[in-house]
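Trainee: return a 3D structure for these sequence lines:
(one chain, ligands or ions: 1)
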Amino acid sequence: MTQETPTENSTVRIPTALAVGELAEILNISAIDIIKELMKNGVMANVNQVIDFDTAAIVATDLGFELEEETDEINSSESSSKEQLTAQNTSLRILEKENTNSLPRPPVVTVLGHVDHGKTTLLDRIRLTNVVDAEAGGITQHIGAYQTQTNDGRTITFIDTPGHEAFTEMRARGAQITDVAIIVVAADDGLMPQTREAIDHVKAAAVPMVIAINKVDVENADVARTKAQLPEVDLIPEEFGGEQVVVEISALDGTGIEELLESVLLVSDLEEPKANPNKPAIGVILEASNDRHKGPIATVLVQTGTLHQGDAIISGLSSGRIRTMSDYSGNRIENAGPSTPIEITGLNSVPPAGERFEVRDSEKLAKREAIDRQRDFEAGNTGRETVTLDSLFGEIHQGNIENMHIILKVDVHGSLEPLVQTLEDLNEENIAPRVIHASVGSVNESDVQLAVASQGIIIGFNVQIENGAHLLAEQEKVEIREYSIIYDIVQDITQAVQGLLDPIFEEEQDASVEVRQVFRKGRRNAIAGSYVRDGSITRSSKARVLRDGNVVYEGDILSLKRFEDDVREVNTGQECGIQVDGFNEFEEGDEIIIYHLKQIR
Ligand code: GDP
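Mentor: This next block holds a predicted model:
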């Protein structure tokens, strides 16, 4: 991409999708600045992540640049950046906030909180149908989202899989769909562990919250006490002079529900959710299953653009053409704009919840892309790297990760606050450890999801790791570090922020070589005339010389020649001359193992 170095306020042309690093290069500013700006807007991205034009435009505007889309690339489904865009999920929460073609869209709301505090009852009350009873009656088919109208005619989209696990699982897949989170706290119970956890998860996602103090109708409701607890989690209610919107409700009898909806709109109006309905749709799978008659059937949320019946779409490894579309009440529709939850059929397999979907020019293109993805998937190119304490420093400095995010689990309450404080005080010039969640108890799956979604690490202090969490951490490549001495945690984090942790290397064998003849140039320079049995040798490889199975020397390759010429690489079946730094005692029949060291932490 050849671009002149732009000055602030000049218009810069960029493609319809590009990596954060590419944008940084075009704007001639650091990728870290762009990543920080994206973070401010609720988008977690690393330097290699592809963002679309609208997202780029928003952050660029905030940084003082004006961007223009290279329109001729918009429909080029084969553009590599666009393919990458589909391969890597990017949050769309703030897409098109300031784009001129964008129009306001309904906010998307998720309800979170401690078990039994009334999430389901609230969603049910808002919808005015009895979901709780329907679940008890065993009706399994339901669409995972619905829309509601407020008294003044405005629409709000509710995702009705409540709970922060679902919220963070989606985020872990890169799908940040929520504009506003309602945290339900029962007034007779107050802040409970899962309330605190939910609040941390929402904060980590930088999603604004409305606190709904529920069950105000029950006899032992203590609204004042519940409000007074909020500062414990750094939420200061407006009536105490803070900014946290708090509404008192009864999900059961309907008290305060209208006020809650108004507050949601008020909070979301500050964010101004917008999207451009006049382009191909992009969205997220909320849930999907296989129907015996209809085949794969998915509830999806359109985030931007408009989805039409007959559109070719791709989602993860699935592709297809939209055969039927229906809204949340089961009515057949033909078009669905931004923030609309719908049910679709026509995909050729069941994509996972949280997977992004996108429209392609033709079903054939979508299918071909899905096959490519399948191939990548089978080759293990899932794109996710392990984030470890040891690699963090490098990743942060390369702009791949924004900061050191820590999830801390401890055995007793007493050690929590001091440890959080100590860790957060360990910041260096560029790296500031941030404890995004700290609580008492074993490491669970939701901790791992949070670590995935926030590219963080988990520190367990004298706690167990639940089985499911172990498995998920392995699968998602999340590091869980276990400690029993506080000093060790502090020492490791101190070293990590200073980039001083020793990396660990693992040996990978590249080739095995047979020495067939030894040439000497003077007393010092022995060259092993060798035959490569298998593998390939490069000049940067290391060599281990074996004689009768015993190691006689290990060192770097000093020179690699074919005939008289220096070469970069020699492969299986070829002959070559190898000189090993510091070794002159080659003998005919020696074996040389060629290897390199790969950093694993
Ligand atoms: P969830 O686990 O957070 O989804 O909680 P539910 O919605 O299932 O509610 C748990 C229990 O609390 C149910 O028995 C509800 O009927 C009851 N409940 C929920 N909201 C209220 C409320 O505002 N007032 C009263 N009295 N009970 C409520």
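
Trainee: what about the helices in the stretch 301-450 of the chain?
Mentor: For the stretch 301-450 of the chain, applying DSSP state H, counting those that start in this stretch gives helices covering 363-378, 389-397, 416-424, 445-454.

Trainee: residues in the chain within reach of the ligand, list them.
Mentor: By CB under 6 Å from any ligand atom, the residues of the chain that approach the ligand are 113, 115-121, 132, 162, 214-215, 217-218, 250-252. Just so you know, the C-beta spots here come from the backbone N, C-alpha and C atoms, and that holds for glycine as well.

Trainee: looks like A187 contacts T226 (just checking).
Mentor: Yes: using CB atoms under 8 Å, A187 is in contact with T226, at 5.2 Å.

Trainee: list the contacts for I592?
Mentor: 512-515, 528, 530, 543-546, 578, 580 (CB atoms under 8 Å, 6 or more residues apart in numbering).

Trainee: if you set the cut-off to 10 Å instead, what comes out?
Mentor: Applying CB atoms under 10 Å, 6 or more residues apart in numbering, we find I592 in contact with 511-515, 528, 530, 532-533, 537, 541, 543-546, 553, 557, 578, 580, 586.

Trainee: redo the helices of the stretch 301-450 of the chain as TSV? Include distance to T168, mean neighbour count and mean pLDDT.
Mentor: Shown next, in TSV, are the helices of the stretch 301-450 of the chain (distance: least, CB to CB, whole Å; neighbours: other CB atoms under 10 Å; pLDDT from 0 to 100):
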stretch	distance to T168	mean neighbour count	mean pLDDT
helix 363-378	23	16	85
helix 389-397	20	20	74
helix 416-424	20	16	88
helix 445-454	4	26	90
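
Trainee: using a markdown table, lay out those together with distance to L18.
Mentor: Listed next are those as a markdown table, based on distance: least, CB to CB, whole Å:
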| stretch | distance to L18 |
| --- | --- |
| helix 363-378 | 18 |
| helix 389-397 | 21 |
| helix 416-424 | 34 |
| helix 445-454 | 23 |
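
Trainee: select only the buried ones of the residues of the chain next to the ligand in ChimeraX?
Mentor: Filtering the residues of the chain next to the ligand down to the buried ones (16 or more other CB atoms under 10 Å) takes a single ChimeraX command:
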select :113,117,118,119,120,121,162,214,215,250,251,252
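
Trainee: please narrow the residues of the chain next to the ligand to those residing in strands.
Mentor: 113, 214 (DSSP state E).

Trainee: OK, contacts around H114?
Mentor: Contact partners of H114, counting by CB under 10 Å, 6+ apart, are 163, 183-186, 189-198.

Trainee: apply 6 Å and report the result again.
Mentor: Shown in contact with H114 (CB atoms under 6 Å, 6 or more residues apart in numbering): 192, 194-195.

Trainee: give me the buried subset of those.
Mentor: 192, 194-195.

Trainee: ok, so of those, who is nearest P106?
Mentor: Ranked by distance to P106 (CB to CB), the buried ones among the contacts of H114 are led by T195 at 26.4 Å.

Trainee: from memory the closest one sits against V185, does it?
Mentor: Yes: contact criterion CB atoms under 6 Å: T195 and V185 qualify, at 5.5 Å.

Trainee: what about R568, distance to the ligand?
Mentor: For R568, the distance to the ligand (CB to the nearest ligand atom, to the nearest Å) stands at 63 Å.

Trainee: how close does that residue get to D179?
Mentor: For R568, the distance to D179 equals 53 Å [CB to CB, to the nearest Å].

Trainee: just E476 next, same as before
Mentor: Counting by CB to CB, the gap from E476 to D179 is 26 Å.

Trainee: these two: who's more crowded?
Mentor: Relative neighbour count places D179 above the other of E476 and D179, with 25 against 17, counting by other CB atoms under 10 Å.

Trainee: ok, for the more buried one, nearest residue in space, not its chain neighbours?
Mentor: Of all residues not flanking D179 in the chain, P107 sits nearest, at 4.0 Å (CB to CB, 6 or more residues apart in numbering).

Trainee: avg pLDDT for stretch 329-345?
Mentor: When pLDDT is averaged along stretch 329-345, the result is 92.

Trainee: end to end, how far does it reach?
Mentor: With CA to CA, to the nearest Å as the measure, stretch 329-345 spans 16 Å from end to end.

Trainee: name the residues of that stretch that are buried.
Mentor: Going by neighbour count (16+ other CB under 10 Å), the buried part of stretch 329-345 is 336-345.

Trainee: ok, those residues vs the ligand, which is closest?
Mentor: Nearest to the ligand among these is P341, at 19.4 Å by CB to the nearest ligand atom.

Trainee: I'd assumed E248 was in contact with E259.
Mentor: No: the criterion here is CB under 6 Å, and E259 misses it with E248 at 8.3 Å.

Trainee: the bottom helix or strand of this structure by mean pLDDT?
Mentor: Of all helical and strand segments in the chain, the minimum by mean pLDDT, DSSP states H and E falls on helix 80-87, at a mean of 35.

Trainee: so what touches the next helix or strand along the chain from that helix?
Mentor: Heading C-terminal from helix 80-87, the first helix or strand you meet, by DSSP states H and E, is strand 103-104. For strand 103-104, contacts defined as CB under 6 Å, 6+ apart pick out K274.

Trainee: avg pLDDT for strand 103-104?
Mentor: 90.

Trainee: closest to A204 out of the helices of the stretch 301-450 of the chain?
Mentor: Counting by CB to CB, A204 lies closest to helix 445-454 out of those; the figure is 5.0 Å.

Trainee: hey, C-alpha coordinates of the helix or strand just after that closest one in PDB?
Mentor: For helix 445-454, the following helix or strand on the C-terminal side (DSSP H and E) is strand 457-461. The C-alpha trace of strand 457-461 is given here as PDB (Å, rounded to 0.1, in the frame of the first residue of the first chain):
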ATOM      1  CA  ILE A 457      -3.800 -14.500  32.600                       C
ATOM      2  CA  ILE A 458      -5.200 -16.100  35.700                       C
ATOM      3  CA  ILE A 459      -3.400 -16.200  39.000                       C
ATOM      4  CA  GLY A 460      -4.600 -18.700  41.600                       C
ATOM      5  CA  PHE A 461      -3.400 -18.200  45.200                       C
END
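
Trainee: now V513: how far from the ligand?
Mentor: 65 Å.

Trainee: nope, V302 is what I was after
Mentor: Separation of V302 from the ligand (CB to the nearest ligand atom): 26 Å.

Trainee: can I assume that residue is in contact with E343?
Mentor: No: V302 lies out of contact with E343 (CB under 6 Å); the separation is 11.9 Å.

Trainee: tell me if I am right that E169 is in a helix.
Mentor: Yes: judged by DSSP: H, G, I helix; E, B strand; the rest coil, E169 forms part of a helix.
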